[in-house]
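Peer 1: Build me a structure from this.
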Amino acid sequence: MNIYTQLNEPKDLDAGSKWLPCLQTTPVKHRQAWPEALLITHIDAIKHYDYDIVPLLNQNVHCIGPKTYDRLKDMGFANVNLHGLYAEDIKISSMPITPCTWLHGDRYSKDFSTFTGVTAIQTYETSLLESSLSEIRKMVTDGNPPDKIYVYSNLVCEGLQDLDWPQTELVHVESCKSVDAGKWLKTKSFYPGQETN
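Peer 2: Prediction:
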């Protein structure tokens, strides 16, 4: 069995796979964005935006990841610019995308608030979903460990590594810096927008 731990339910899971989201996001109190260009590095930033998005729909939106791009277009944003796969792909200093508002959560791989012309607004926070972590751990303690676990956050990686997983492959995003290879059958990094085997 393969376990997928991302926030959003994956499409077309096969019979040998299960989705157990190990993170949850909750909105935090925030102010309204000015009508200017937006920087979106995770779709939950706009999902938890507590104001009407209609005044922002015609602004330039800069994002990473083709899935985020598609979701923003589906929400009605007209001018979405895809900058690549990773936050590092957005080169604020070499591209005229400021002034802009960066909508974000409490966990990110690049802090855009340090750049001149970027207004940062945190719209949500992330925490572990202990019920899913417990269900995955129980598979190990019951002697039925998954073949692979797909992990999309260093926080989840840390939450799982209190056990040893000698029969399970960890497939993780590159930002999982706390991977302890000695706890897993093997480990492999991947980008979520690309197929893995």
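Peer 1: For residue 168, list the residues it contacts.
Peer 2: Contacts of residue 168 were listed using C-beta atoms under 8 Å, 6 or more residues apart in numbering, and they are 140, 145-149, 184-185. C-betas here are computed from N, CA, C, even on glycine.
Peer 1: Regarding this protein, what is its longest helix?
Peer 2: Taking DSSP state H as the criterion, the chain has its longest helix at helix 130-141.
Peer 1: counting contacts, what elements does that helix pack onto?
Peer 2: Where contact means 3 or more C-beta pairs under 8 Å, 6 or more residues apart in numbering; DSSP states H and E, helix 130-141 is packed against helix 154-160.
Peer 1: just checking, what packs against the helix it packs on?
Peer 2: Judged by 3+ C-beta pairs under 8 Å, 6+ apart, the packing partners of helix 154-160 are strand 124-128, helix 130-141, strand 148-151.
Peer 1: what's the pLDDT at the nearest residue to residue 100 once chain neighbours are set aside?
Peer 2: The shortest distance from residue 100 to any non-neighbouring residue, by C-beta to C-beta, 6 or more residues apart in numbering, is to residue 37 (3.9 Å). With respect to pLDDT, residue 37 scores 94.
Peer 1: Using CSV, list the CA coordinates for the longest helix of the chain.
Peer 2: Backbone C-alpha positions of helix 130-141 (Å, rounded to 0.1, in the frame of the first residue of the first chain) are rendered in CSV as follows:
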residue,chain,number,x,y,z
GLU,A,130,-2.5,13.7,14.7
SER,A,131,-5.4,11.4,13.8
SER,A,132,-3.8,10.6,10.4
LEU,A,133,-0.3,10.2,11.9
SER,A,134,-1.7,7.8,14.5
GLU,A,135,-3.4,5.8,11.7
ILE,A,136,-0.2,5.5,9.8
ARG,A,137,1.8,4.6,12.9
LYS,A,138,-0.8,1.9,13.8
MET,A,139,-0.1,0.2,10.4
VAL,A,140,3.5,-0.3,11.6
THR,A,141,2.7,-1.4,15.1
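Peer 1: follow-up on the earlier one: got the helices and strands packed on helix 154-160 as JSON lines, with mean pLDDT and mean neighbour count columns?
Peer 2: What follows is those, written out as JSON lines (pLDDT from 0 to 100; neighbours: other C-beta atoms under 10 Å):
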{"stretch": "strand 124-128", "mean pLDDT": "95", "mean neighbour count": "17"}
{"stretch": "helix 130-141", "mean pLDDT": "93", "mean neighbour count": "15"}
{"stretch": "strand 148-151", "mean pLDDT": "95", "mean neighbour count": "24"}
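Peer 1: of all these, which lies closest to residue 84?
Peer 2: Each of those has some distance to residue 84 by C-beta to C-beta; the shortest is strand 148-151, at 21.3 Å.
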